[in-house]
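1. got a predicted model here, sequence first, then my questions.
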2 protein chains.
Amino acid sequence: MTNDVVAVANRSIDRLVAKKAYDCYFPLHEPLQADLTNIDDSELNEREKLKKHWATMRQFFKFQPLSLIRSYMGEKVAFYFALCGFYNKMLIPPALIGFIIFIYGISSVFSDQPTSDICGRLGQETFMCPRCDKTCPFWKLSDSCFQSKVSYVFDNAATVIFAVLMSLWARWFIEFWKRRQAVLRYDWDSMGFEEHLEPIRPEFEIKAKKKGEERVNAVTGIKEPYVSTRTRLPFFLVAASVVLFMMAIVCTTVFATIVYRSRMDFILKNTSAKSYSPIIITVTSAIMNLICSVILSQFYYWIARKLTDLELHKYQSKYDDSLTIKIYLFQFVNFYSSLFYIAFFKGRFFAYPSKYNTSSSGSFTEQCDPAGCLVELSIQFIIIMIGKQIINNLIEFFYAMRRTLTRMCFKRSEPEAQQQWEKDNELYDFTSNTLTDEYLELVIQFGFVTLFVAAFPLAPLFALFNNIIEIRLDAWKFLSKYKRPIPFKAFDIGIWSDIISSISYFAVLTNGIVIAWTSEFIPKMAYRSIESTGGSLNGYLNWTLSSFNISDYNLTGTMPQEVPDNLTICRYRDFREPNGPHYSQTSMYWNVLAARLAFIIVFEHAVFFIIYLMDWLVPDVPQTIQNKINHERYIDQYERWASKTTEKNFKHAAIASEAIFKMANPLSGKRKDPINEDENSSKHSRNLKT
Amino acid sequence: MTNDVVAVANRSIDRLVAKKAYDCYFPLHEPLQADLTNIDDSELNEREKLKKHWATMRQFFKFQPLSLIRSYMGEKVAFYFALCGFYNKMLIPPALIGFIIFIYGISSVFSDQPTSDICGRLGQETFMCPRCDKTCPFWKLSDSCFQSKVSYVFDNAATVIFAVLMSLWARWFIEFWKRRQAVLRYDWDSMGFEEHLEPIRPEFEIKAKKKGEERVNAVTGIKEPYVSTRTRLPFFLVAASVVLFMMAIVCTTVFATIVYRSRMDFILKNTSAKSYSPIIITVTSAIMNLICSVILSQFYYWIARKLTDLELHKYQSKYDDSLTIKIYLFQFVNFYSSLFYIAFFKGRFFAYPSKYNTSSSGSFTEQCDPAGCLVELSIQFIIIMIGKQIINNLIEFFYAMRRTLTRMCFKRSEPEAQQQWEKDNELYDFTSNTLTDEYLELVIQFGFVTLFVAAFPLAPLFALFNNIIEIRLDAWKFLSKYKRPIPFKAFDIGIWSDIISSISYFAVLTNGIVIAWTSEFIPKMAYRSIESTGGSLNGYLNWTLSSFNISDYNLTGTMPQEVPDNLTICRYRDFREPNGPHYSQTSMYWNVLAARLAFIIVFEHAVFFIIYLMDWLVPDVPQTIQNKINHERYIDQYERWASKTTEKNFKHAAIASEAIFKMANPLSGKRKDPINEDENSSKHSRNLKT
């Protein structure tokens, strides 16, 4: 059955379902036997083969039987699994390198000079300024000994190399996926997939008919309901602003959590719950975050769907693309905004002690640890990535199992000799969102693996472990818990490849900024080249800390309650003059800042140059496949020109075209053939001038 | 006559020419009447029509008759003229805006504070440090009054906006050219242009046959001589290194000229020719430059051709592409390197007075004018762009006229009743280089208009004037002075669109750097926001000049010969501490440096974001054309599936394919059809795993 016949059939059934003549419609699954272990493959049907060889954790190390998946569930689903498989294969090298870098970091942590300074005598003797004015105590530098060790593990010279590699990897991923996709497209005969065969959405047809405009489809020559871009434009603008507004709200909740944390810290310090304060704060803020995220997501999904409905898309694929972008943008902010805050802003608004509550810095006066800002980014990264991934996988599993579980709980007896359609009717619907959610999960994870990988080199390894389970879990779900999907034809992964491509570009920026801005790489380089003798990091720690005269607390009336004996100066992390009253930034501050910015520029240009070169050298379609395509075209052409029926064929074509055109416009008999007319007119109008 | 018949014919004639059986071959021009003014168009042949309506300066304001050009000289030439016309049309808005910005600069020059400082009392009272140690005199700031005025005209707030606009314009140019090209391609039936119909180069055939390897062409199934990529790779590497080496040599000559200038300046200062020194230096260095450029070019072109021969390209188009890139890279360095030097390096190696001859700064201690570095970039830009363009046009004209001129000089009598082929034989050959040279000129000019346009907003206007003449000059040349070109089919402008695309990306970087690094925009911004009250530039000039204690010249023994009375300090352009002995850079120096780098980052990301968005929103093929293409495919498909002869056609195709394959491999009768075999094997090997 060709695609357009399916399309027409679907369209009619859709109408009947809309009129409630039918409840629903779905393709039937093949029957499944309970135990497949001892049966020979030749006696199994496709579903059983897939179940035995694919949808089980026992086969996790094997390649997927893509052609079987395609034949059972269609190209659209098969492309998703092909992407998963390809992604896993591509993840192996970064997972290994990341692991090696992690091991290197751990093994060399004890030879790191700044770490031993913090944990050693210097750390014991150095008093740091309080983390807030008035109420907070002075503290010893050695208190952050543990953080400094963690920091070194994630923030050493190897991390920079890893960041460069991962920036390139992200781009390689999408470049080589394009090649893989071209191969699959050829193998699956999706080359000449015609978009115009896609049926018009019934919703569009109904609304457009109400407006009454009609226009001849320029491709098929058939009259179709039409809505002008001008009518649709305002809805696009509304949609864009609502999406931006919702993204802003998500950002606000993230910042609200930050403010809540620092305020609660301040409040709890003065109560009897003082010693439990870290736990209370972490738990309450995590719960707050989760509630916000869930409520906002539900609301947002609802509003995104409404907005996309209003945009009046003619084809389901465009509708899905528009909805996908909306959902992705929202989830992007939802997942990554706290990481962006820590990587780029945390500790940047801090002036100097005694200035915590001045208006210019407001409530965002959180400081980074003396060991560096990267350690906090790493911790947040681990919490979000691994935490959310585990939660998601659990939710997915229990969601898929919920009917089975309910049945188990209520011990309903199952009638034995059920028909296949009765069995399938009890399964979950396979809608277009089912696949969107799976893609979303994968792409969000891809973002974790590429955008902030410099903060946590083990991310690719964790992602790999997660995905190995994920593929088999999805396979099991689609085969056993969902209705069989309508086998839609597809020739690529659609809008997702654009999204992955955007992330891969964006990853170059974020990695450059994390290395230059968040990590200690540049200050260390500056110290080695300017201050140090022989390139050692002796005295580096001391160099990064500025001094504050404790007596200057009196100028703003923010003197801490307890001052250790004989303490006249305390230290804080910044490059400022050692004497007041202004504590202006030193020349070294600007020097390091310039070096950071210069690094970003050099990093980006070097990486983008390599990417550009690679794009240019590696064709999107492998040469062997291109040759096959050209060969087929060659044979086709040869046949057309060599055959003696050529002239007859031409006449056929002309008659057919005429017939189609007449079919579409029964009244306009006098008009000329639209192709020739268009061609001629365009030729005339364009070629005489210019 | 279809393309492949032409190809085979050419190939055979080429062989005969190579064996000297023929002298040469060329298509004949149509005869040309002397006076066309009073004859009706209907009585003119194509050449006469083109001569009357196109190849004359009288018609410079008219669009070009592209379809006529195509029908007389082929698609390849027509695409060149289409690009010229499109480029001119696109140049109109920047030419206008640039002109307005230039007028704005001139009209507001007298209200500029720094300029009136330099030309006024401050300039009179301020003594600047000598431009070299020992021999040079102290000089008054007011000496650079004129430069400061010129500087302001090219370096004001409007320039920044212009730089942003031109960076976007460069990208728009290539994006919209792609659309224009798609339209032309459709109108000229170049859609299904098949590359495999291109004949194999005879040179390749001969050399490859010597090596004896043969391989079946995967597209046509015909056995062909073959040279493996592995054999060719070393030659590519050699070619790349030679090209880089030659580029380095060109850079060296540019720097040599700079060293020569500063040394000559130093030498002539002590001789009696002192007062003529600027003229002597300028003239001799210009002559040096010209000689180097001409000799190097000739040598380089020769070596580039040899290298490309060694690369053993199978097809002429690949050969031309490879040669084109080599020549372009060379000319890029040749034309732009002095501009890059001035924009990015001049004045950056200067330490402070009394340090002119220290080893670290070497001979590159040229300083920028107190008015800023941009003024020198502007002057150099004007000299190179306009000077070289005028020289090139004159050379082109006289080259085309040289036979006519020789004839006129020697007064040879022309025999009257010549045959057309005799007449044409006296004309110049139209080789593949003829068009390459024309493209090169256009693309080099495009580089001037985009890469350094911030230094000279009138560049687009001058380019427009030049091109209006250029088009008609080329038209006249091709119609009257060259043999009629063999009408090659083409479906785009080839490698040139990649080159233009690269320039357009590169232009974003250079414009960003020129604004941030070369112009006074950032220091002025910094002064307004940090030092000044109310954002005025009062005192800005004083702020940019550092002080030097004249007595410190004694430390290095470089005291100038004449010191004005009572002068204890002199000024120079930098941000350094006012007191010795180290004159280290102030905090402000690093502050401004950081601001400059931050501007580059922001500028690039903003512009590239807009470009990325635009790429995504504007399709490469206009919707109307895409609809027509889809419509044709639809009709084609409809006919194939609807026609009752479908099955018969399939059989034909199978037989044809079989026949072709057998023709190519007479011995391998037992082998299966290669298409099906390939398909199956690839399907099997790929789909079972993955």
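-> Sure thing, it's come through.

2. quick one: the strands in the stretch 451-600 of chain A?
-> Ranges of strands in the stretch 451-600 of chain A, per DSSP state E, counting those that start in this stretch, are A:545-549, A:569-573.

3. export these as CSV, with columns for mean pLDDT, distance to A:F99 and mean neighbour count.
-> Any C-beta I mention is one placed from the backbone N, CA and C, and that applies to glycine too. Shown next, in CSV, are the strands of the stretch 451-600 of chain A (pLDDT from 0 to 100; distance: least, C-beta to C-beta, whole Å; neighbours: other C-beta atoms under 10 Å in any protein chain shown):
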stretch, mean pLDDT, distance to A:F99, mean neighbour count
strand A:545-549, 85, 34, 20
strand A:569-573, 84, 31, 19
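
4. show me the shaky parts of the stretch 251-400 of chain A.
-> A:266, A:269-270, A:273-275, A:277-278, A:350-351, A:355-366 (pLDDT under 70).

5. can you name every helix or strand that the lengthiest helix in chain A contacts?
-> The residue-count maximum for a helix in chain A (DSSP state H) belongs to helix A:229-268. Judged by 3 or more C-beta pairs under 8 Å, 6 or more residues apart in numbering or on different chains; DSSP states H and E, the packing partners of helix A:229-268 are helix A:277-310, helix A:316-340.

6. interface residues of the stretch 201-350 of chain A facing chain B?
-> Within the stretch 201-350 of chain A, the residues that sit near chain B (C-beta under 8 Å from any C-beta of the partner chain) are A:218-221.

7. try 7 Å
-> A:218-220 (C-beta under 7 Å from any C-beta of the partner chain).

8. Serialize these to JSON lines and add fields for distance to B:A507.
-> Below are those laid out as JSON lines (distance: C-beta to C-beta, whole Å):
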{"residue": "A:A218", "distance to B:A507": "36"}
{"residue": "A:V219", "distance to B:A507": "38"}
{"residue": "A:T220", "distance to B:A507": "43"}
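
9. so which of those belong to helices?
-> Per DSSP H, helices hold no members of those.

10. and which of the residues you listed is nearest A:T450?
-> Of all these, A:V219 has the smallest distance to A:T450: 38.4 Å, by C-beta to C-beta.

11. contacts only, for A:C119.
-> Taking C-beta atoms under 7 Å, 6 or more residues apart in numbering or on different chains, we find A:C119 in contact with A:142, A:145, A:148.

12. can you give me the distance of it to A:V243?
-> A:C119 is 48 Å from A:V243, where distance means C-beta to C-beta, to the nearest Å.

13. over to A:V109?
-> A:V109 is 44 Å from A:V243, by C-beta to C-beta.

14. who's more crowded, these two?
-> More crowded of A:V109 and A:V243, by other C-beta atoms under 10 Å in any protein chain shown: A:V243, with 20 against 17.

15. you'd agree the more buried one is up against A:Y328?
-> No - between A:V243 and A:Y328 there is no contact under C-beta atoms under 7 Å: 10.3 Å.

16. can I get the contacts of A:C119 in JSON lines including secondary structure and neighbour count?
-> JSON lines is the format used below for those (DSSP: H, G, I helix; E, B strand; the rest coil; neighbours: other C-beta atoms under 10 Å in any protein chain shown):
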{"residue": "A:S142", "secondary structure": "helix", "neighbour count": "19"}
{"residue": "A:C145", "secondary structure": "helix", "neighbour count": "17"}
{"residue": "A:S148", "secondary structure": "helix", "neighbour count": "27"}
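
17. which residues does the residue most central in space within chain A contact?
-> Central residue of chain A (C-alpha atoms, centre = their mean): A:I444, 2.8 Å from the mean position. For A:I444, the contacting residues are A:331, A:335, by C-beta under 7 Å, 6+ apart.
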